[in-house]
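**Student:** With the sequence up front, the predicted model follows.
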Amino acid sequence: MNATSCKVTVLRQSTVAADIRCLTVQWPDASRPAKAGQFFMLRAWAANETPILSRPISVHDFDAATGALTFLYQVKGEGTQKLAALKEGDTLTVTGPCGNGFDVATIARAAGGKNGKIAVVGGGIGTAPLLQLCKELAAAGCKPELYCGFRDEPYGLEAFLPYCAAISIATDSGAVGYHGLVTGILHPEQFAMVLTCGPMVMMRGVYQLCAQSGTPCVASLERKMACGLGACLGCTCRTKVGAKTVCKDGPVFKAEEVFD
């Protein structure tokens, strides 16, 4: 991991849905480009202010040419409320890029086995890190098919259009697309690999479908974190090869390591 901590300036912030915000900052360190699946620890308050911990937010989009680094996040507590109050020109402290991210080069090579088909599956705010993933896959010559599940109204999917071969939507309410879980429209046997991020119960369901069809599956996990660097062990998870930290060993794992 090649993380650093620094002050960054807010370029813009917008409301995407009722409790969803899109924050873009100027990343100053070209020697540390952010990759799909990585995350940053964000702090928009003083060290002696609450909340005590910084907030881990995944990379939604990164423009290496301009240094524009974007986070899509849900406002649901004191920390994210303070992030949501940031305006253009404000500053905050970020630490990153943290974590291992997706090995896009390896994934793109694997896609050659089934007509280049990769499925990317997200649920709710778990779709946030998938934009940069789809963008990097498309740049590697493999436009993925995107499957997204939401409770009611989808959000943020227009940004995916240039990078995906197809987009399929499922909603719990039936408001848009398939009425039901996103696993109800996913057929892993049609793909060389499935990549997923979202609620643990959703990712477990995705993995189980993949296991039945023998399709490799890679999952990006989310955990509450303290340091984001693997020092505190607060985000340790059980895997089939022993305990690992989500922040340092992950957040991206082979799904068979973390799900039954």
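**Tutor:** Thanks, I have it.
**Student:** Surely G205 is in contact with T183?
**Tutor:** Yes. At 4.4 Å, G205 counts as touching T183 under the criterion of C-beta atoms under 8 Å. Glycine gets a C-beta too; all of them are placed from N, C-alpha and C.
**Student:** shaky segments in this structure?
**Tutor:** Flagging of the chain using pLDDT under 70 yields the residue ranges 1, 113-115.
**Student:** Please repeat the previous calculation with a cut-off of 80.
**Tutor:** Across the chain, the ranges flagged by pLDDT under 80 are 1-2, 112-116, 223-231, 233-234, 238, 241.
**Student:** which residue packs closest to the residue nearest in space to the middle of it, ignoring adjacent ones?
**Tutor:** Within the chain, the residue whose C-alpha comes closest to the C-alpha centroid is P129; the distance, by C-alpha atoms, centre = their mean, is 2.3 Å. Excluding its sequence neighbours, the residue lying closest to P129 (C-beta to C-beta, 6 or more residues apart in numbering) is S58, at 3.9 Å.
**Student:** residue contacts, that neighbour?
**Tutor:** Counting by C-beta atoms under 8 Å, 6 or more residues apart in numbering, S58 touches G37, Q38, F39, F71, A128, P129, C197, S220, E222, P251.
**Student:** for the protein, longest helix please?
**Tutor:** What stands out as the longest helix in the chain, according to DSSP state H, is helix 200-213.
**Student:** which strands and helices sit next to it?
**Tutor:** Packing contacts for helix 200-213, counted by 3 or more C-beta pairs under 8 Å, 6 or more residues apart in numbering; DSSP states H and E, involve strand 118-123, strand 193-197, strand 217-220, helix 255-258.
**Student:** I am finished for the moment; much appreciated.
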